[in-house]
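Peer 1: Build me a model from this:
(one chain, ligands or ions: 1)
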Amino acid sequence: MRYLNRFALIAAVTLAAQPATAAAQTFRSADSVLRKMWTAGIEQSKTEAMAQVLIDSIGPRLSGTPGFAAAVDWIENQYKAFGITAKREQYGTWRGWKQGTVHMEMTAPRVQNLEVELLAWSPPTPKNGPVEGEVVVIPELADSAAAKQWLGTVKGKFVLVSPPEIMCRAPQELERFARAATVAKINAQRVEIQRLGLARLRPFAPANTPVQALARAVQMRLDSAGVIGIGTLTWSGGWGVDKIFGANAERAPTVDISCEDYGLLHRLATNKWGPRVRLTAESQATPAEVPMFDVVARIEGKELPNEYVLLSAHLDSWHGATGATDNGTGTLTMLEAMRILKETYPNPRRTIIAGHWGGEEQGTIGSLAFAEDHPEVISGLQVAFNQDNGTWRVEILEGQGFLKASANLAKWVAQLPAEMTDSVRLQLPGPQANSGSDHTSFLCRPAPAFRLQSSYSEYRQYTWHTNRDTYDKIVFDDLKNNATMAAMLAYAASEDPERTSRDLSTLPALPNGNPRAWPTCGKARRSYSETPAPRRAR
Ligand SMILES: [Zn+2]
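Peer 2: Okay, here's the model as predicted:
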């Protein structure tokens, strides 16, 4: 009863607060377009309905999967429904894969369901049926001869390759409730376990193999040795969250096991309790690579059609959850911004484009390909706005080292309603964020590209690339705010009498005191079979 009353109270407060939020805008000028944009974006938002389809019904949008293809179809159709021209542009191909049901149970020393996620592009269990075997951990091995000998014992077994976590509570909870000495002790144990875990991998590969390559080398050797499955753990440092990336092995199915369940299996194996698991992993790879696309929507400029304002967000996601905040919210921000623009500013001065990129998670492939294939957009780019960091309101706008275009950014921000900008921090011309998302594909050319950034730490901990990046995490008030803001910024940039300059500022020095160079462009990897080109420093 007490809970019922509390929920009733929350509901009443929420309902009462809604109209007040929508009505409280403080415009800084009499500009009627901005007022219409507020109404269309905040009061008549389509984001909740669109999010339900994109995040829940289509779900994960991993490159090369039917989910990505469905998202491409859906977003093209959304644009059509809004009366906006949009088309898919094939930029290359990627390995095709689809996942079926996956489940793993512990069968000894007792029975328990385990929380697992199949890593991307993992092979299935044979005939998509169950396999069962003993769980083992990699022991301390003296040298490569000992490693070879041990590999002779793992056929038919399930091998845990990652170091376990000593505790799966969020660190901030531990810091809040435990004694400082306890926190320090656990942190030291954690560092030691990671060090030992890495040391156990060393005998499997030549000395000085980099860490990433080392994990891959070990998994390839286990694969050849005939293991029935590989268990990994990439804990994301919070309650119930793991990061879910791609598999290395070509024959043995590879799963991420939740922090808690991984620790359980690891302790049972280490203490010789003979744990066993039964794994069923259904998946299917396509015989050939499948096409990958960017979807590009366009509202033609009336006065300066060869100058462009670009709204940018990647459409693909990882697959451990449904990519709600990486990058469902960015996708919806730009799609909804285009709807708002079409309704309130249908004849823009400059051409406004929305780019929904594929393959961002595999190295910003789609946006790099677009920049390579569209030199006319690069040369005519007034500005690009990219969003790719989760839900919450946009709070940080950085000039990315553009000496003069930063001032244009400040000018555009100054036109927005106070409710939208009061919590925004401008860093002009700013330090440069030269990695991490699609803005870099433009920044490197160098064309003015800015990020619409939200509050970061909780995103990194809980939803970014994790098994918990789901619909319920979206804060719709913030998504509406961001979509409306993107539309308003695009409007201001399109109307700006001044063309943005590409003058560059001297970037802040590196931590070692050396000058920081402007980044150079990577080359778009047009197929999975193509070797990735390393990004060079200039
Ligand atoms: Zn992303």
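Peer 1: Point out the residues in this protein that sit beside the ion.
Peer 2: Proximity of the chain to the ion, by CB under 5 Å from the ion, involves residues 326-327, 388. For every residue, glycine as well, the C-beta is placed using N, CA and C.
Peer 1: ok, so of the residues you listed, who is nearest Ser437?
Peer 2: Nearest to Ser437, judged by CB to CB, of the residues of the chain next to the ion is Asp388 at 4.1 Å.
Peer 1: Walk me through the domains of this structure.
Peer 2: 27-96+289-495, 99-285 (automatic domain parsing).
Peer 1: Secondary structure, distance to Pro124 and pLDDT for the residues of the chain next to the ion - can I get that in CSV?
Peer 2: Below are those laid out as CSV (DSSP: H, G, I helix; E, B strand; the rest coil; distance: CB to CB, whole Å; pLDDT from 0 to 100):
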residue, secondary structure, distance to Pro124, pLDDT
Asp326, helix, 26, 96
Asn327, helix, 28, 97
Asp388, coil, 31, 95
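Peer 1: between these, which has the most around it?
Peer 2: Highest neighbour count within the residues of the chain next to the ion: Asn327, with 30 neighbours (other CB atoms under 10 Å).
Peer 1: ok, now which ones touch the residue positioned nearest the centre of the chain?
Peer 2: Residue closest to the average C-alpha location in the chain (CA atoms, centre = their mean): Asp326, at 3.8 Å. Going by CB atoms under 8 Å, 6 or more residues apart in numbering, Asp326 touches 317-318, 388-390, 463-465, 469.
Peer 1: which among those gets closest to Glu173?
Peer 2: So of those, ranked by how close each gets to Glu173 (CB to CB), first place is Thr463, at 17.8 Å.
Peer 1: surely Gly152 meets Gly226?
Peer 2: No - Gly152 lies out of contact with Gly226 (CB atoms under 8 Å); the separation is 9.8 Å.
Peer 1: so Gln99 is in which element?
Peer 2: strand 97-108 (DSSP states H and E).
Peer 1: Who is Val131 paired with across the strands?
Peer 2: Leu279 (DSSP bridges).
Peer 1: and it, how many neighbours?
Peer 2: 20.
Peer 1: Then the one 3 residues further on?
Peer 2: Using other CB under 10 Å, Glu134 has 16 neighbouring residues.
Peer 1: Can you tell me how far it is from the ion?
Peer 2: Using CB to the ion, to the nearest Å, one obtains 38 Å as the distance from Glu134 to the ion.
Peer 1: Regarding that residue, what are the backbone dihedral angles?
Peer 2: Note on Glu134: backbone dihedrals following degrees, to the nearest 10 are phi -70, psi 150.
Peer 1: hang on, it packs against Pro275?
Peer 2: Yes - look at Glu134 against Pro275 with CB under 8 Å: they come within range, at 7.3 Å.
Peer 1: show me the contacts for the residue in the stretch 51-200 of the chain that the ion sits nearest to.
Peer 2: In the stretch 51-200 of the chain, the residue that lies nearest the ion is Arg61 (10.9 Å; CB to the ion). Counting by CB under 8 Å, 6+ apart, Arg61 touches 67-68, 70-71, 315-317, 323.
Peer 1: Thank you kindly, that will do.
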